[in-house]
Structures are given as structure tokens and as C-alpha cells.
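*Asks:* Attaching a predicted model along with its sequence, questions to come.
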Amino acid sequence: VVILSLLMYPVLRSLALQLHSAVTGSYISGTHSIAFINCLNEQIAKDIARAIMDKKLAAYVNILPKSLALYFWKGELEESTEILLLVKTRTSKIGELSNYVRSIHPFEIPEIISLPIDQGNPLYLKWIEESVPRD
């Protein structure tokens with residue numbers, strides 16, 4: 001019984017948080033995330049952003065202007081300009097988003113990282129929830 005309880009704890013905790021959120025209307029920290037995706041140029045950034053939106057993998061994508069990037073690639077220090085996408089989505093969609101972007105991105109190893117959203121405007125977070133279909 002103790003082992004079963006320990007194994008079931010994450011599932012029961014998640015269900016309790018979802019029930020609490022539904023009853024109180026409060027936000028569950030980490031339900032949504034921001035993914036960062038680097039792109040070589042503005043056209044590639046627009047194409048990837050549109051593809052993400054067409055697949056309904058995000059509610060919103062910002063395309064940030066050029067930035068200078070320094071990084072090591074194959075043992076050499078490289079310098080380039082890049083465009084950054086900020087993708088707002090459900091945390092549960094990050095795996096699917098990452099797989100999809102890797103399949104269409106021209107970089108051998110594209111930067112796709114995410115951070116959970118801890119707090120924010122409740123109406124905006126609810127809008128993300130409504131804009132991105134559940135799994």
C-alpha cells in the first residue's frame with residue numbers, strides 16, 4: 001500500500017491541483033511555457049513561426065530582431081547574427097513542439113529550450129490555455 005501510494009502521488013497531486021484550479025480559477029505554476037528557438041534569418045524565423053501556428057503548437061510567437069551570437073561549434077569560436085523566436089504554449093506541448101521544429105529547422109542542432117511560466121496575467125494565461133488544444 002505504501003509503495004502504491006508513493007507511485008500514485010504525482011498523479012494524485014496533479015489531479016488535485018487541476019481540481020483546485022478549476023474550482024478557484026487560480027493558475028497552476030508551470031502549466032504553460034515559453035520556448036526559445038534561434039533562426040538564421042528573418043525569413044526562416046517567419047516560416048518556422050507560421051508552421052508552429054498552423055499546427056496549433058502555440059498561442060503566440062514573437063519574432064525578435066537580430067542579435068549577435070557567440071558560440072563554440074566543432075571546437076571553433078563562431079560569431080553570427082540570429083533571429084530569436086519566443087513561443088508561448090502549454091508545457092505539455094513542448095516535446096511535440098521540439099520534435100516538429102527539429103524536423104523543419106535548417107540547423108543541424110537548433111536551439112530549442114523552454115522555461116515554465118510561474119506567474120502572469122491570469123487573462124493572458126487563460127487565453128494561451130484556450131488557444132492551444134490539449135494533448
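*Replies:* All right, it came through fine. Residues are numbered from 1 along each chain as shown.

*Asks:* contacts for stretch 105-114?
*Replies:* Residues from elsewhere that reach stretch 105-114 (C-beta atoms under 8 Å, 6 or more residues apart in numbering): 33-40, 44, 48, 91, 94, 97-98, 101-102. Just so you know, the C-beta spots here come from the backbone N, C-alpha and C atoms, and that holds for glycine as well.

*Asks:* which parts of it are buried?
*Replies:* Neighbour-count burial for stretch 105-114 flags 105, 110-112, 114 (criterion: 16 or more other C-beta atoms under 10 Å).

*Asks:* one step back: pull out the buried members of the contacts of stretch 105-114.
*Replies:* Those of the contacts of stretch 105-114 that meet the buried threshold are 33-35, 37-39, 44, 48, 91, 94, 97-98, 101, by 16+ other C-beta under 10 Å.

*Asks:* So which of the residues you listed are in strands?
*Replies:* Applying DSSP state E to these, the entries found in strands are 33-35, 37-39.

*Asks:* Give me the three-state assignment for Leu19.
*Replies:* helix (DSSP: H, G, I helix; E, B strand; the rest coil).

*Asks:* Tell me the one of the buried ones among the contacts of stretch 105-114 nearest Ser80?
*Replies:* Distance to Ser80 across the buried ones among the contacts of stretch 105-114 (C-beta to C-beta) is lowest for Asn38, with 9.5 Å.

*Asks:* Tell me the backbone dihedrals of the closest residue to that closest one other than its chain neighbours, please.
*Replies:* Of all residues not flanking Asn38 in the chain, Glu111 sits nearest, at 4.2 Å (C-beta to C-beta, 6 or more residues apart in numbering). Here is the backbone geometry of Glu111 (degrees, to the nearest 10): phi -80, psi 120.
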